[in-house]
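**Student:** what follows is a predicted protein model with its sequence.
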Amino acid sequence: MIGNGRLRRHECVVVDLNTQRDFCHPAGLSPVANVHDLIPALRHIVAWTKRNGAPVVSSIESHRESDFTELRQPFGCLDGSVGQRKIDFTVFRPCTYVEVDNMLCCPIDLFNQFQQVIFCKRSCDLLSNPKADRFFNVVSTGEFILFGVAMEESVKALALGLMARNKRVSIVVDACGYWHKPTADLTVRQLSAKGARMLTVADLLQRKLQRRFRYTTPRGSGMIERPVPSQHGAGSRNGRGHGNGHLRTAPPTPKPLNEQTGRS
């Protein structure tokens, strides 16, 4: 096990699901149906999170070319593509990436040093990454606040998984993308009936956390960090992970796209 620091107790943990270019940009391969309304909502939540110093768990879809062999067209977020990258303003500093390689050995005290922990995943369910599953089980918080893409898939799967583990879940409804609105609306009703709390961005902006943490990565902390491959030679191609190198620093940010026009 890497890291043996004392776990902090957090008032809430913000969970940012799949806010990636292919899903959250009009020029992406599979933009959500409400992409133009989603971007301003995401900006408000990110600003609130930074202002309050809340810890963030993020997920990124990580797919291989072989995943699309039976589809007529790529769904998006192919390993190493620009579309797989998180949209720029959703990347916090300091942050760290945790690969998906079917291993459990992930530090449990990452929030002592990083504000944002980004987990890769191969399916719509973030908890299918064993490291993410273990991290959610041990993180000390009173509430998980979910937003991102997509309500009818990843948001639903994680909310159900967390509630099954007796975690308190809140969902920022108007900060969740969707591809099919009737299905997303049905999901909201189902999750609400099961005990999830439904919020709006306005509700969240009125809230102020009682305590703000500082996130620093001290030298000699024992963390294993690896340089990130370039966007054309990314991480876990061909299904191979990074061995026991579980963490990596944030990747270099490519030239940003204009979020209204989709142009560089």
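**Tutor:** Perfect, thanks for sending it. Numbering: from 1, shown residues only.
**Student:** for residue 57, what are its contacts?
**Tutor:** Residues near residue 57 by C-beta atoms under 8 Å, 6 or more residues apart in numbering: 13-16, 116-119, 132, 135-136, 139. Just so you know, the C-beta spots here come from the backbone N, C-alpha and C atoms, and that holds for glycine as well.
**Student:** is it possible to get TSV of those that adds pLDDT, distance to residue 28 and secondary structure?
**Tutor:** As requested, those are exported to TSV (pLDDT from 0 to 100; distance: C-beta to C-beta, whole Å; DSSP: H, G, I helix; E, B strand; the rest coil):
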residue	pLDDT	distance to residue 28	secondary structure
13	96	27	strand
14	98	23	strand
15	98	21	strand
16	97	17	strand
116	96	21	strand
117	95	24	strand
118	95	18	strand
119	94	21	strand
132	93	23	helix
135	93	28	helix
136	95	27	helix
139	92	30	coil
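**Student:** mind putting those residues in CSV, neighbour count and distance to residue 106 included?
**Tutor:** Below are those laid out as CSV (neighbours: other C-beta atoms under 10 Å; distance: C-beta to C-beta, whole Å):
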residue, neighbour count, distance to residue 106
13, 21, 15
14, 27, 19
15, 26, 16
16, 26, 18
116, 24, 15
117, 26, 9
118, 23, 12
119, 22, 9
132, 23, 8
135, 22, 6
136, 22, 11
139, 21, 11
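**Student:** which stretches of the protein form strands?
**Tutor:** Counting by DSSP state E, the chain has strands at residues 9-10, 13-17, 56-61, 95-98, 116-121, 140-141, 144-148, 169-176, 197-199, 225-226, 247-249.
**Student:** still on that earlier bit, of the contacts of residue 57, closest to residue 6?
**Tutor:** Distance to residue 6 across these (C-beta to C-beta) is lowest for residue 139, with 13.1 Å.
**Student:** rewinding a little: any idea which of the strands of the chain gets closest to residue 187?
**Tutor:** When those are compared by C-beta to C-beta, strand 169-176 sits nearest residue 187, at 9.0 Å.
**Student:** avg pLDDT for that closest one?
**Tutor:** Averaging pLDDT along strand 169-176 gives 98.
**Student:** outside of it, which residues touch it?
**Tutor:** Counting by C-beta under 8 Å, 6+ apart, 12, 37-38, 41-42, 44-45, 143-151, 155, 159, 162-163, 184, 188, 191, 195-201, 203-204 sit against strand 169-176.
**Student:** what's the pLDDT at the spatially most central residue of the chain?
**Tutor:** For the chain, the residue sitting closest to the mean C-alpha position, by C-alpha atoms, centre = their mean, is residue 58 at 2.0 Å. Looking at residue 58, its pLDDT reads 97.
**Student:** what pLDDT does residue 256 get?
**Tutor:** Looking at residue 256, the pLDDT reads 38.
**Student:** distance of residue 178 from residue 109?
**Tutor:** 35 Å (C-beta to C-beta, to the nearest Å).
**Student:** who has more neighbours, these two?
**Tutor:** Shown here are residue 178 and residue 109; by other C-beta atoms under 10 Å, residue 178 has more neighbours (21 against 17).
**Student:** my read is that the more buried one contacts residue 150, right?
**Tutor:** Yes. If you go by C-beta atoms under 8 Å, residue 178 and residue 150 touch, sitting 5.3 Å apart.
**Student:** which neighbours do those two have in common?
**Tutor:** Contact criterion C-beta under 8 Å, 6+ apart; residues shared by residue 178 and residue 150: 32, 184.
**Student:** any stretches of the stretch 151-264 of the chain with poor pLDDT?
**Tutor:** With pLDDT under 70 as the threshold, the stretch 151-264 of the chain has low-confidence stretches at 213-264.
**Student:** and the helices in it?
**Tutor:** 156-164, 181-193, 201-205 (DSSP state H, counting those that start in this stretch).
**Student:** wait, which of these is closest to residue 93?
**Tutor:** helix 201-205 (21.6 Å).
**Student:** residues in contact with the closest one?
**Tutor:** Residues outside helix 201-205 that contact it (C-beta under 8 Å, 6+ apart): 41, 44-45, 48, 145, 172, 174-175.
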